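>>> Structure, please.
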Amino acid sequence: MSQALRNTLLSLRDLIVSAGPLAFLAVGLLALAYWWLNPNPPKTVTLATGPAQSAYEEFGKRYQKALAVDGIEVVLLPSEGSSHNLQLLREGKADVAFVQGGTAELLPDDPDELVSLGNLFVEPVWLFYRTETAQRMYNTPRLDGLRQLRGLHVNVGSQGSGVPTLMERLLEANRVERGVVKLSRLDQTPATVDFLAGKLDALVFASAPESLMVQMLLQTPGVQLLDFAQHEAYARRFPFLTPVTLPRGVVDLATNVPARDVRLVASTTSLLAREGTHPALLTLFAQNAQKLHGGAGWFNRAREFPNARNSELPIAKEADRAMNEAVPMLQRYLPFWIANLIERMWLVLGILLAIMLPLSRIVPPLYQFRVRSRVFRWYGRLREVENDLEAGKTDTAALLKALSALEAQVEKVSVPLSYADELYALRNHIHLVRKKLLRASEASEGGESQPTPEATSP
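From the prediction side, this is the model:
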């Protein structure tokens, strides 16, 4: 190994040893901050959706595909519907879920600590009935209100969907007594099969228009959609309902489906999450909600959703930021996990920098002390030799031998070039002490060879 390379490696070692404690402290503080802030989200999140072929299931698949781009696996948890989703959230079996407004008492002081990521879309109450049933019961192809459901066999969906509770309240408001309407609670798919087979007179969905069942029934001959002529009144009586209109021809312009405007009542569906869900996951869901629900639909114009209007639960700060602020600059140019790490750690990094900068000033003096100590420690031994000479405790020959051993050790000392002057100064001082020892040795030898006065007398 060349001397230049050796000196370089030696200097690097000294620098590492000198800055080591400070670097160890910085790494320790960073590790502690990382553990405390937990900036990176888990790789898996559970989303409670809904029944097969429902709008919830369709949107769940879209979120699953969107979050996969950022390396997050969305596990879709099928359910009976909105009420069941709320139960899954409260039991901790789901992290995020679609929940309709009015599904349950969702108060700001909810003991289960749920938060909302915003209102995503409206879910109209779709009440489909058979034309032949209306003709047979009322001698008209169309029904004009819920009171005309008396004597009919109506499916209101499974209990977990929340629709049975909603229909009970609507029928009660219309003074339709219990028992005069035969209610069944089949799931969507078997209920639709029975309805098309003539075993049911009507069936009720509460779903977004993306539901395949809804789109199919809207275009099925012999099937009518109930027009809620009093939809404004329903919205006044029930705060969680919104009056909406299905425009003429919006389903199919070519065949003019529907053939007229249909007034409906709708609940607003929100994306709810447990408050303990990782903030980065909430950010991803909220940002993707802007893309998945921000377009125009059958009941809304572009950019009307997501929104925080009339939310029954507190809006998560991540969702509020996604709805009201532009995408953070770092996320525009960096992968999400890197941008998220920097955004969540920047304050800690700033504090750490403020602490470490003053402390870093001790590194140069410490480095200087470490390098110079390799030279200065030999001065102590050199002083011992000189003191022994002056005290006359040790024979000069022994001191010369000790000095030669010391010089041999100093020859092996390597220091950076910037400190070479101190090494050469040490060698020069050794040379000076050697001269002193040699003079003392010569003087001692001269004294021994000089004859005494007695020996020279006659």
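>>> so which strand or helix has R427?
In this assignment (DSSP states H and E), R427 forms part of helix 420-449.
>>> go on, P243?
With DSSP H and E as criterion, P243 is part of strand 241-246.
>>> so L120 sits in a helix?
No. Going by DSSP: H, G, I helix; E, B strand; the rest coil, the assignment for L120 is strand, not a helix.
>>> For it, grab the count of nearby residues.
When neighbours are defined as other CB atoms under 10 Å, L120 has 21 of them. C-beta here means a position set from N, CA and C on the backbone, and glycine is covered the same way.
>>> ok, the nearest residue to it once chain neighbours are set aside to R303 distance?
Spatial nearest neighbour of L120, excluding adjacent residues (CB to CB, 6 or more residues apart in numbering): H293 at 4.7 Å. According to CB to CB, to the nearest Å, H293 and R303 sit 10 Å apart.
>>> Which one of the two is surrounded by more residues?
Ranked by neighbour count (other CB under 10 Å), H293 and R303 place H293 first, with 23 against 12.
>>> quick one, what contacts the more buried one?
Contacts for H293 were tallied using CB atoms under 8 Å, 6 or more residues apart in numbering; they are L120, F121, F305, P306.
>>> now the residue nearest in space to the middle of the chain, nearest residue through space, not along the chain?
With distances taken as CA atoms, centre = their mean, the residue of the chain nearest its centroid is A280 (2.0 Å). In space, A280 comes closest to P41 once its chain neighbours are excluded; the distance is 3.8 Å by CB to CB, 6+ apart.
>>> show me the contacts for the one you found.
I72, H278, P279, A280, L281, L284, N340.
>>> what about the second one, neighbour count?
Residues within reach of H278, counting by other CB under 10 Å, total 18.
>>> still on that earlier bit, quick one: buried residues of the helix holding R427?
Buried residues in helix 420-449, defined by neighbour count with 16 or more other CB atoms under 10 Å: L423, L426, H429, I430, V433, R434, K436, L437, A440, S441.
>>> so the second one touches R381, yeah?
No. If you go by CB atoms under 8 Å, L426 and R381 don't touch, sitting 10.6 Å apart.
>>> Could I get the contacts of P41 in JSON lines, plus columns for secondary structure and distance to G160?
Below are these laid out as JSON lines (DSSP: H, G, I helix; E, B strand; the rest coil; distance: CB to CB, whole Å):
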{"residue": "I72", "secondary structure": "coil", "distance to G160": "27"}
{"residue": "H278", "secondary structure": "coil", "distance to G160": "27"}
{"residue": "P279", "secondary structure": "helix", "distance to G160": "29"}
{"residue": "A280", "secondary structure": "helix", "distance to G160": "30"}
{"residue": "L281", "secondary structure": "helix", "distance to G160": "25"}
{"residue": "L284", "secondary structure": "helix", "distance to G160": "27"}
{"residue": "N340", "secondary structure": "helix", "distance to G160": "35"}
